[in-house]
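Undergrad: What would the 3D arrangement of this be:
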Amino acid sequence: MSVLIKINPDTVKKDKDVGSAYSFEYEDTDVECNGCGSKFTHNELEISHDGYSTTCCPDCGEIDCCEIQYQSLSEYRKSK
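TA: Okay, here's the model as predicted:
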């Protein structure tokens, strides 16, 4: 299962001090572990002990439990 985590439009702000930099947050998105089938939000994903994987299941500990892609700011701008 591959999931696209979209930018939350209510949080996109231009940083006046940095010029063209933006700050934003991603929408809460449900994902499902490929190992145990547990469902949770992408914010609950854990980092592996070696730091290699950022998609570890918080329930069973499965490393790379789901495939996610984060929407880029340029993709977000094109969708407007």
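
Undergrad: Can you measure across stretch 34-44, start residue to end residue?
TA: 15 Å (C-alpha to C-alpha, to the nearest Å).

Undergrad: So for it, what gets flagged as buried?
TA: Within stretch 34-44, the residues that count as buried by 16 or more other C-beta atoms under 10 Å are 40, 42. Placement of C-beta: from N, CA and C, glycine included.

Undergrad: Please work out the average pLDDT along that stretch.
TA: Averaging pLDDT along stretch 34-44 gives 95.

Undergrad: Show which residues not belonging to that stretch make contact with it.
TA: For stretch 34-44, contacts defined as C-beta atoms under 8 Å, 6 or more residues apart in numbering pick out 1, 3, 5, 26, 28-33, 57-60, 62, 65-66, 68.

Undergrad: Got a quick ChimeraX command for the buried subset of the residues you listed?
TA: Buried residues among the contacts of stretch 34-44 (16+ other C-beta under 10 Å), as a ChimeraX selection:
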select :5,31,33,57,59,62,65,66,68
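
Undergrad: out of the contacts of stretch 34-44, which are inside strands?
TA: 3, 5, 30-32, 68 (DSSP state E).

Undergrad: got a markdown table for these, with distance to K39 too?
TA: Listed next are the ones in strands among the contacts of stretch 34-44 as a markdown table, based on distance: C-beta to C-beta, whole Å:
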| residue | distance to K39 |
| --- | --- |
| V3 | 11 |
| I5 | 15 |
| D30 | 6 |
| V31 | 7 |
| E32 | 5 |
| I68 | 14 |
